[in-house]
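Student: Kindly generate the corresponding structure for this input.
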Amino acid sequence: MSMFKVFDIAGSALSAQTLRLNVTASNLANANSASSSTNTTYRERQPVFAAMLNDSGDDNGGATGVTVRGIVESNAPLQKQYDPGNPLADSKGYVYMPNVNVVEEMANMISASRSYQTNVEVVNTAKQLVLRTLTLGQ
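Tutor: Numbering: from 1, shown residues only. The predicted structure is shown next:
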């Protein structure tokens, strides 16, 4: 494997974790947004990642990074709260809340943040190795 492919692989991982952090932030921002119907209520979203595989045959078909396949909405049931005094309440007095679990989202945020940090360290280490390799002949 070429040393420079390390930068491509770590770069794709950095992009994926950035998207994961953005989706998590969106989930947390909408965790307490009420709605008057199930159709307009925010639903938890999660990114779907997949390994990018090398099909060219020159590197034994190994993984060459990560790609984002899409963002999917959760099928978990929405939270239904009885609050007839709320201006968003439906005709029966119910307000619909998102299916976002704040504790899970915080765990996702910590995991994505640490993955991001790890990939930054990979890039920095690879950069140092390349620079040291260039100074071998001196």
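
Student: Would you check how far apart the residue nearest the centre of the chain and residue 10 are?
Tutor: The centre of the chain sits closest to residue 20, judged by CA atoms, centre = their mean, with a distance of 1.4 Å. As defined by CB to CB, to the nearest Å, residue 20 lies at a distance of 15 Å from residue 10. The way it works is simple: take the backbone N, C-alpha and C, and place the C-beta from them, glycine included.

Student: Low-confidence regions, this protein specifically.
Tutor: The model of the chain has pLDDT under 70 over residues 1, 56-61.

Student: could you point out the longest strand in it?
Tutor: In the chain, assigned by DSSP state E, the strand with the most residues is strand 63-73.

Student: Any buried residues in that strand, and which?
Tutor: By neighbour count with 16 or more other CB atoms under 10 Å, strand 63-73 contains the buried residues 64-66.

Student: so what's residue 67 up against?
Tutor: Residues in contact with residue 67 (CB atoms under 8 Å, 6 or more residues apart in numbering) are 12, 16, 49-52.

Student: Going along the chain, name the strands of this protein.
Tutor: Ranges of strands in the chain, per DSSP E, are 45-53, 63-73, 79-82, 94-97.

Student: These into TSV, with extra columns for distance to residue 129?
Tutor: Putting the strands of the chain into TSV (distance: least, CB to CB, whole Å) gives the following:
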stretch	distance to residue 129
strand 45-53	23
strand 63-73	19
strand 79-82	50
strand 94-97	50
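
Student: Of these, which is nearest residue 131?
Tutor: Proximity to residue 131 (CB to CB) singles out strand 63-73 among those, at 23.0 Å.

Student: Export the closest one to PDB, keeping only CA atoms.
Tutor: Taking Å, rounded to 0.1, in the frame of the first residue of the first chain, the C-alpha atoms of strand 63-73 are listed here in PDB:
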ATOM      1  CA  ALA A  63     -10.500  -1.400   2.200                       C
ATOM      2  CA  THR A  64      -9.700   2.100   1.000                       C
ATOM      3  CA  GLY A  65     -11.800   4.200   3.200                       C
ATOM      4  CA  VAL A  66     -15.400   4.700   4.400                       C
ATOM      5  CA  THR A  67     -18.300   6.100   2.500                       C
ATOM      6  CA  VAL A  68     -21.700   7.400   3.700                       C
ATOM      7  CA  ARG A  69     -24.500   5.400   2.100                       C
ATOM      8  CA  GLY A  70     -27.200   7.700   3.400                       C
ATOM      9  CA  ILE A  71     -29.100   8.900   6.500                       C
ATOM     10  CA  VAL A  72     -32.000   6.900   7.800                       C
ATOM     11  CA  GLU A  73     -34.800   7.900  10.100                       C
END
